[in-house]
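**Q** the following comprises the amino acid sequence and a computationally predicted model.
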Amino acid sequence: MASQQLTRVEIEALLDVWLETEFTFHHVGPVARSLSKLERADQDFVLDWIKRIATTHITLAFHFAKRAPDLIRRLDARAIEAWALQLCDTYDRAGMYAALAVAEQVDAYSRTRQTHTEGALYDDIAGVLGNFVRGLSGRKLTIEQGDAVYTDSEKIVLPAITSLLASRDDNFKLAKARVALLWAQTRYGTLRADIAGACAGYPHPDRALHQFNALETLRLTACIGRELPGLHREMQRLMALLGDELPAPWQALADRLAVADARVEDSLGLLDAAYHLPDFQTWCYQGELRPDSVAAARAARMEKEKARLRIKLAELLQEHQSAQQDEPRDATASKPEFEVTPRDENGALDFEITLDDAPIAPPDDVRRLLTSVYLDFGEIPPEYLSPAGEGEYDPKQVFDQPEDPDAVWHGTYHEKGAELYPEWDHGRQHYRKNWCVMREKSVTPVHDDFVQKTLDKHSGLVRHLRRKFEALRDENRVEKRQTQGDEIDLDALIEAIADAKDGREMSDRLFVRQHRAERNIAVAFLVDMSGSTKGWINEAEREALILLCEALELLGDRYAIYGFSGTTRKRCELFRIKTFDDIYDGEVKARIAGIRPQEYTRMGFALRHMTKLLNQVEAKTRVLVTLSDGRPDDYFDVYRGEYGVEDTRMALLEASRTGIHPFCITLDREARDYLPHMYGAARYIILDDVRQLPVKVTDIYRRITT
Amino acid sequence: MNAHAHILSPESHFIDREPYYEAVGNEIAIFEAAYRNKLPILLKGPTGCGKTRFMEHMAWRLKRPLITVSCHDDLTASDLVGRYLVKGGETIWVDGPLTRAVRCGGICYLDEIVEARKDTMVVIHPLADDRRELPMEKVGQLLQAPEEFCLAISYNPGYQSVLKDLKQSTRQRFVALEFDYPAPDLERRIVANESGVDVGMAEKLVKFARMTRNLKGSGLDEGASTRLLVHAGKLISSGVDPVVACQNAVAQAVTDDADMLAAIQELSSSLF
């Protein structure tokens, strides 16, 4: 039986609680009334989202509630969900003002107010379209989510939802056509022109820009027709579906721009004529032109690429000269000269490089730089081709340098050089995108007698562990009585012949073969370095790590050790103690000795980062072991309590979904109630006594990896 | 239908019809010079760019039998040299492919040599320097290779894995020939010639291959090879729709990743 519709009064009561109307004075009456007219399933859906958004911000939830009843008639549930998440994400990133702007924008998602559309969501299509656009020739463009459809010549921006058409598939095709047109703007020279300058001369520059965009859309559509005929057919179909057409007065211009050698200069030449034509009704796959962001991206790119190209050419020259060292060079000969001939034909863009008339094969990075420079200028300017002189550029400024994780705090832009990780918000039942700002730092090594003391203190245990771990080592051995092998197993053969003489069946297991053992395990240890580990726990952790390393060295497993700590989402820190590539030497030992309690326990980002690192290691089995002293917690943040527990749980689930085996060792004695839930995906063990830790950790490791 | 496979003995199997091969550079001349000087040869290059076809072509040119071994990670030295087998209660020695090639003065081609176990590669060392001999410890013989014998190996440096790299002691014995996908004009000719599609379709296929090669490094380990284009071309000449042919012969062959498959599908549907 279908459940009953909720009444206005029932809904109002719920909203009163969620939106705290007693204090916020939001008028929920009208919202409740329009919600009461929906079907029960739709009511539940909308109410659920109101509740979820309210955990982020009540005002945001109210604005969602006001629009949702109307929206649910026009869009499918997934699109509304995407919009709700976009509201929350925008609020996370840019605050209430920007989020409310997103709320206003929702009407643009569908042109017709009646039909029920199934939108193509950015998150669903970005991966495919990203690869699609990388497959096309030219500069490698990336795809990002934003508030409009445009490109800055490096990234292509798409909105959260594309939903002009009824079916999801058609909406995807529309997004693809938009991406292709924006790609063509970079590829076929639109963005090379001084668009802002050309439009500035008109009484209404905005109108000029609009008409210029139309001219270029006509020209580029013809380019796509030649280059990607299948896509061109698709574009025509989409236009027909939405009733887009070429206005008659524009026909003559379209014809002139459709010829194969039409360039952006032709569009600029026709702008005068177009300016006086009636407004061009924007086509469905047409994006915006934003000359400002193009100029900004270009300005940031040009000097850097010039420097990079010249440095690369200098390297190429040096390589070339050292290869031909034995040929004496005429001292009076002119300086070696590079010449580049771009070949932009047939859709492919390639370059022929000659050095003093001898052709050379350009490496990929040089080819990429040449492509990018060519797209900016339509040629390779000669000054880009003179190899950089000694010390002419500071490579530190030309090539991206790893940031000093401590130095960023002196600047204003605190996310520079950091890696961003999402975090699970259980109230929203969704991730907060790019929420944790994570940096890897290194531990200051302490060269004291800690390692020696530990080994002395546990000398009996070390001997015991050595024996146990040695037994685990799988060794090469000869396997007898195999069906295939390098040599004949004489014992087996004699038996088999005797059997045959007896009239019994002869075995076919007559060979010996070499079994080659490979213990193919990679393991990462994640150690709690929060302030609460101060004292006993910290010492026990360090001792445990020393013993572990001693044992692991015997096995030859690849292993890494990292410590985690942090204060708020903006300062999540992961401390490198031993990477997978480091060998266990004095330096690593000193770093273990140097592990000191830091700040708070935010675990999600650390687990996610370790998951990423582990997945980069080639191994059959991957194990992630965490050592912590208790409940996740962070400074003045919601991380304490349920939020942190749920995020940690989610991070462990993510790890195990990628095939990693998570294992948690915890010293928390009081709060056992939440542990089974938090460690849901992971196996875990609770240690009552800190002093057991060094003994137990190695023992546990032995058990989980055999 | 009266289907039956031909039984060929590798030593006496000479290639008598010229295998189709378009020279990219001077690789034929270099191979011949190396062969005359009894130097072993290493072919480097991505999969499906024509290394094996080149070997067949050279075997035809030099009129020697070609014995090819596709190496795998369980390939042992005995698999190459030979082993004792049991037959009717007696043990008999059976030559491996490498030994057979040495005995008959043929060309032994070890394909994808890095796939073989590390200890296996060492048995070719004495054959690959000026000694040119194959020690057969189990039968207590030392086989001296005749003038005509030639050793060639291939490997794909694109794997980018430490585990799949060729040891210096191995690689420094060979004359190396580098192969890459042919230039567009040449590749078009090859695709048209091998698959029977017209030049226009061959050109589109080559363009499509370039698109997938652009994706190398951002989710694809390797772009579409010339071989895959020939496969797609053959399907197209048998009446399969080009987009479908590209999906089945190319996209599915280069990746399993759903997003990447979809992207390649979008590229081909845009192109045709």
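**A** Good, I have the coordinates.
**Q** could you pull out the helices for the stretch 551-700 of chain A?
**A** A:586-593, A:604-615, A:642-657, A:675-678, A:693-704 (DSSP state H, counting those that start in this stretch).
**Q** quick check: the gap between the residue of the stretch 601-706 of chain A found nearest chain B and residue A:63.
**A** Nearest to chain B in the stretch 601-706 of chain A, going by Cβ to the nearest Cβ, is residue A:618, at a distance of 7.1 Å. Placement of C-beta: from N, CA and C, glycine included. Distance, residue A:618 to residue A:63, using Cβ to Cβ, to the nearest Å: 49 Å.
**Q** before we move on, what about residue B:171?
**A** 66 Å.
**Q** tell me the centre residue of chain B?
**A** Central residue of chain B (Cα atoms, centre = their mean): residue B:52, 3.4 Å from the mean position.
**Q** list the contacts for residue 171?
**A** Defaulting to chain A. A:117, A:118, A:119, A:120, A:162, A:163, A:164, A:165 (Cβ atoms under 8 Å, 6 or more residues apart in numbering or on different chains).
**Q** my question was about chain B
**A** Counting by Cβ under 8 Å, 6+ apart, residue B:171 has contacts residue B:42.
**Q** okay, it and residue B:128: tell me how far apart.
**A** 10 Å.
**Q** and residue A:226, which of the helices of the stretch 551-700 of chain A is closest to it?
**A** helix A:604-615 (42.4 Å; Cβ to Cβ).
**Q** now do that closest one: distance to the chain's middle.
**A** 13 Å (Cα atoms, centre = their mean, to the nearest Å).
**Q** now for chain B, the helix or strand with the poorest mean pLDDT.
**A** Ranking every helix and strand in chain B by mean pLDDT, DSSP states H and E puts helix B:118-121 at the bottom, with a mean of 76.
**Q** show me what counts as buried in that helix.
**A** Going by neighbour count (16 or more other Cβ atoms under 10 Å in any protein chain shown), the buried part of helix B:118-121 is B:120, B:121.
**Q** residue B:222 is in contact with residue B:49, isn't it?
**A** No - contact criterion Cβ atoms under 8 Å: residue B:222 and residue B:49 do not qualify, at 10.1 Å.
**Q** so residue A:486 is in contact with residue A:479, correct?
**A** No - in this structure, residue A:486 is not within contact of residue A:479 by Cβ under 8 Å, at 10.7 Å.
**Q** quick revisit: looking at residue A:618 and residue A:63, which is more packed in?
**A** residue A:63 (21 against 12; other Cβ atoms under 10 Å in any protein chain shown).
**Q** which strands or helices does the helix or strand encompassing that one pack on?
**A** Using DSSP states H and E, residue A:63 sits within helix A:58-74. Packed against helix A:58-74 by the contact rule (3 or more Cβ pairs under 8 Å, 6 or more residues apart in numbering or on different chains; DSSP states H and E) you find helix A:8-18, helix A:21-24, helix A:29-36, helix A:40-54, helix A:77-94, helix A:96-105.
**Q** just the C-alphas of it, formatted as PDB.
**A** Provided in PDB are the C-alpha atoms of helix A:58-74 (Å, rounded to 0.1, in the frame of the first residue of the first chain):
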ATOM      1  CA  ILE A  58      19.600  26.600   7.400                       C
ATOM      2  CA  THR A  59      19.200  29.600   5.100                       C
ATOM      3  CA  LEU A  60      20.400  27.500   2.200                       C
ATOM      4  CA  ALA A  61      17.900  24.800   3.100                       C
ATOM      5  CA  PHE A  62      15.100  27.300   3.100                       C
ATOM      6  CA  HIS A  63      16.000  28.600  -0.300                       C
ATOM      7  CA  PHE A  64      16.100  25.100  -1.600                       C
ATOM      8  CA  ALA A  65      12.700  24.400   0.000                       C
ATOM      9  CA  LYS A  66      11.200  27.400  -1.700                       C
ATOM     10  CA  ARG A  67      12.200  26.300  -5.200                       C
ATOM     11  CA  ALA A  68      12.100  22.500  -4.900                       C
ATOM     12  CA  PRO A  69       8.300  21.900  -5.300                       C
ATOM     13  CA  ASP A  70       8.300  23.700  -8.700                       C
ATOM     14  CA  LEU A  71      11.600  22.100  -9.700                       C
ATOM     15  CA  ILE A  72      10.600  18.600  -9.100                       C
ATOM     16  CA  ARG A  73       7.900  18.900 -11.800                       C
ATOM     17  CA  ARG A  74      10.500  19.900 -14.400                       C
END
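**Q** just the angle between that helix and helix A:29-36, please?
**A** Per axes from the mean of the first three to the mean of the last three Cα atoms, to 10 degrees, the angle that helix A:58-74 makes with helix A:29-36 is 30 degrees.
**Q** and helix A:58-74, how far out from the chain middle?
**A** 30 Å.
**Q** show me which positions of that helix end up buried.
**A** So, applying 16+ other Cβ under 10 Å, buried residues of helix A:58-74: A:58-69, A:71-72, A:74.
**Q** OK, contacts around the closest residue to residue A:58 other than its chain neighbours?
**A** Leaving out its chain neighbours, the residue that sits closest to residue A:58 by Cβ to Cβ, 6 or more residues apart in numbering or on different chains is residue A:19, at 5.3 Å. If you count contacts by Cβ under 8 Å, 6+ apart, residue A:19 has them with A:26, A:28, A:50, A:54, A:58, A:61, A:62, A:65.
**Q** with residue B:40 instead?
**A** B:34, B:127, B:128, B:150, B:151, B:152, B:153, B:173, B:174, B:175.
**Q** chain A: which of the residues you listed is nearest?
**A** Once Cβ to the nearest Cβ is applied, the member of the contacts of residue B:40 that ends up nearest chain A is residue B:175, at 17.6 Å.
**Q** from what I can see that closest one touches residue B:32, true?
**A** No - in this structure, residue B:175 is not within contact of residue B:32 by Cβ under 8 Å, at 11.4 Å.
**Q** what's the neighbour count on residue B:49?
**A** By other Cβ under 10 Å, 21 other residues sit near residue B:49.
**Q** that older thread, need the helices of the stretch 551-700 of chain A in TSV (columns: distance to residue B:68 and mean neighbour count).
**A** Shown next, in TSV, are the helices of the stretch 551-700 of chain A (distance: least, Cβ to Cβ, whole Å; neighbours: other Cβ atoms under 10 Å in any protein chain shown):
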stretch	distance to residue B:68	mean neighbour count
helix A:586-593	48	19
helix A:604-615	36	23
helix A:642-657	42	21
helix A:675-678	57	15
helix A:693-704	45	19
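**Q** for those helices, which one sits closest to residue A:380?
**A** That would be, of these and by Cβ to Cβ, helix A:604-615, which comes in at 38.4 Å.
**Q** now the stretch 351-500 of chain A against chain B: closest residue?
**A** Counting by Cβ to the nearest Cβ, the stretch 351-500 of chain A gets nearest chain B through residue A:486, at 4.2 Å.
**Q** residue ranges in the stretch 1-150 of chain B under the pLDDT threshold?
**A** B:1-2 (pLDDT under 70).
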